[in-house]
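Q: pasted the sequence and its predicted model underneath.
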Amino acid sequence: MLSRSVTQQYPEVRPDLPPRSRGVIALVEENCTVCMLCARECPDWCIYIDSHKETLPAPEGGRPRARNMLDRFAIDFSLCMYCGICVEVCPFDALFWSPEFEYAEGDIRNLLHEKDKLAAWAHTVPPPPAHEPGADPPKELAATSRPVRPRPAPASQAPSAPPPGAPAPPGASGASGASATSDAPAALAEPPAQRVPPPGRPSRPGPSAGHASVRAIRPPGALPKKDAPSTGESSAEKLSTGRGDVPPEAAPPEQTSPTDPSGEPEEEK
């Protein structure tokens, strides 16, 4: 209401359509593999596809392969609801949206367009929009620009070190051979280097620590063992008697006065 109306002089002046306008569906016949996904997913069943199989000649050392050849690809635009499902599900980029919209007909039966008409509309498909600045490149371009990983050399081609004491190769000089021979006993005499634990990880006691750091593990609720009373016997005596840690048996006390079998002292005569 606040601005003047502008009349577009069509058909002399064509309108400027938005970039994502859905005019008609174009076909790239070379990309179609007759997978039938577009025909099965179409909610209006307005796509008709016919094909046949052809046997391709076998390459050298191979076997012949069968391939589907496209015979007919037609879309009935009198039934099409322009949902775009066929364009989205095509796995080989054979269908595209074209901004072409001038395909009106006087008879509804003429809105069934075959693959020749659909292929002619493929030239009107605009190029894809440019990527946003700073966006990731497409996966296809990233895969082609990825550096090739070097393959490891097989074990048969890897140079093997000669065993100690073997003669030097003929190409080696005498000085280098003498130094290698003189350094060999010193290298063999050196003790193996001890591994240094990484920072932040406690080092484990080695075999030199003995059994001092080993703690006895007893079940919960068990009482600690009490040490046996010392008998004053030296270690030499323990080894000689062969009893080890077993304490000696207590000897009966000596009788200082004669007693009778009953335990009472005898009277002096």
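A: Thanks, I have it. What you see is a predicted model; the values in this text were computed from it and never measured.
Q: report the strands that pair with the lengthiest strand in the chain, each with its relative direction.
A: As assigned by DSSP state E, the longest strand anywhere in the chain is strand 65-76. Partners of strand 65-76 in the sheet, by DSSP bridges, are strand 47-56 (antiparallel), strand 112-113 (antiparallel).
Q: list of residues touching the next helix or strand after it?
A: Once the chain leaves strand 65-76, the next helix or strand it forms, by DSSP states H and E, is helix 85-89. For helix 85-89, contacts defined as CB atoms under 8 Å, 6 or more residues apart in numbering pick out 25, 37, 38, 39, 41, 42, 43, 47, 95, 96, 97. Where C-beta positions appear, they are placed from N, C-alpha and C, glycine not excepted.
Q: which one of those residues is nearest residue 103?
A: Distances from residue 103 to these, taken as CB to CB, are shortest for residue 25 (10.9 Å).
Q: may I have the beta-bridge partners of that closest one?
A: Per DSSP bridges, the residues bridged to residue 25 are residue 97.
Q: find the nearest non-adjacent residue to residue 65, please.
A: Spatially, and ignoring its direct neighbours in sequence, residue 65 is nearest to residue 56 (5.0 Å; CB to CB, 6 or more residues apart in numbering).
Q: contact partners for the one you found?
A: Neighbouring residues of residue 56 by CB under 8 Å, 6+ apart: 64, 65, 66, 67.
Q: separation between residue 71 and residue 51?
A: Separation of residue 71 from residue 51 (CB to CB, to the nearest Å) stands at 5 Å.
Q: any chance of the contacts of residue 56 in JSON lines, plus neighbour count and pLDDT?
A: Below are those laid out as JSON lines (neighbours: other CB atoms under 10 Å; pLDDT from 0 to 100):
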{"residue": "64", "neighbour count": "9", "pLDDT": "85"}
{"residue": "65", "neighbour count": "11", "pLDDT": "86"}
{"residue": "66", "neighbour count": "8", "pLDDT": "88"}
{"residue": "67", "neighbour count": "12", "pLDDT": "88"}
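Q: closest to residue 31 out of the residues you listed?
A: For the contacts of residue 56, the residue nearest residue 31 by CB to CB is residue 67; the value is 13.9 Å.
Q: residue 85 versus that closest one, what's the distance?
A: Distance, residue 67 to residue 85, by CB to CB: 26 Å.
Q: try residue 49
A: 15 Å.
Q: show me which of these two is the more surrounded one.
A: Taking neighbours as other CB atoms under 10 Å, residue 49 and residue 85 compare with residue 49 leading, 18 against 14.
Q: most tightly packed of the strands paired with strand 65-76?
A: Comparing those by mean neighbour count (mean count of other CB atoms under 10 Å), strand 112-113 comes out on top with a mean of 18.
Q: residues making contact with that strand?
A: Strand 112-113 has contacts (CB under 8 Å, 6+ apart) with 74, 75, 76, 77, 78, 103.
Q: and the residues you listed, which are buried?
A: Among the contacts of strand 112-113, those scoring as buried are 74, 75, 76, 77 (criterion: 16 or more other CB atoms under 10 Å).
Q: what would these look like in JSON lines with pLDDT?
A: Shown next, in JSON lines, are those (pLDDT from 0 to 100):
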{"residue": "74", "pLDDT": "96"}
{"residue": "75", "pLDDT": "95"}
{"residue": "76", "pLDDT": "95"}
{"residue": "77", "pLDDT": "94"}
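Q: mind putting those residues in a markdown table, distance to residue 89 included?
A: Formatted as a markdown table, the buried ones among the contacts of strand 112-113 follow (distance: CB to CB, whole Å):
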| residue | distance to residue 89 |
| --- | --- |
| 74 | 18 |
| 75 | 15 |
| 76 | 18 |
| 77 | 19 |
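Q: and of the residues you listed, the nearest to residue 111?
A: Within these, the smallest distance to residue 111 is 4.5 Å, found for residue 77 (CB to CB).
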